[in-house]
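Asker: show me the folded form of this:
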Amino acid sequence: MMNLEKIPAHMRSGVELYVYDGIPPGSFLTSVLENKLVEAFMHADEINRAAMFAWADFMYNEMPSGSWRSREIVIAWCKARRASPIEREVSNANQD
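Answerer: Numbers count the residues shown, from 1 in each chain. Sure, this is the predicted structure:
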């Protein structure tokens, strides 16, 4: 289970929607997920700008492996999570 308390409160629902439902996030969180530091700073609000170390810690220690690090990974994560519930069940059963 992710410890969402590490990141700003107003960002937690966006992270959950991305991780669990494959809902693409806004520009700041997308930049963070794609590991694009300069873009993340450009899109960050004041709170997120001050929390960049917390974001790095959260990404490294809390985010599921395979859910971040490049644009291609983020796109694939969203596609996989947005599958129908039946497709997810079959996929999960095949991974066990």
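Asker: correct me, but I47 touches I7?
Answerer: No: using Cβ atoms under 8 Å, I47 is not in contact with I7; the gap is 9.8 Å. For every residue, glycine as well, the C-beta is placed using N, CA and C.
Asker: burial of the nearest residue to D21 once chain neighbours are set aside, as a residue count?
Answerer: Sequence neighbours aside, R81 is the residue nearest to D21 in space, at 5.8 Å (criterion: Cβ to Cβ, 6 or more residues apart in numbering). Around R81 sit 16 other residues, with neighbours defined as other Cβ atoms under 10 Å.
Asker: ok, back up a step: which of I47 and I7 has more neighbours?
Answerer: Between I47 and I7, I7 has the larger neighbour count (other Cβ under 10 Å), namely 23 against 12.
Asker: residues touching that one, list them.
Answerer: V15, A51, A54, W55, F58 (Cβ atoms under 8 Å, 6 or more residues apart in numbering).
Asker: restricted to helices, list these.
Answerer: Counting by DSSP state H, the part of these found in helices is V15, A54, W55, F58.
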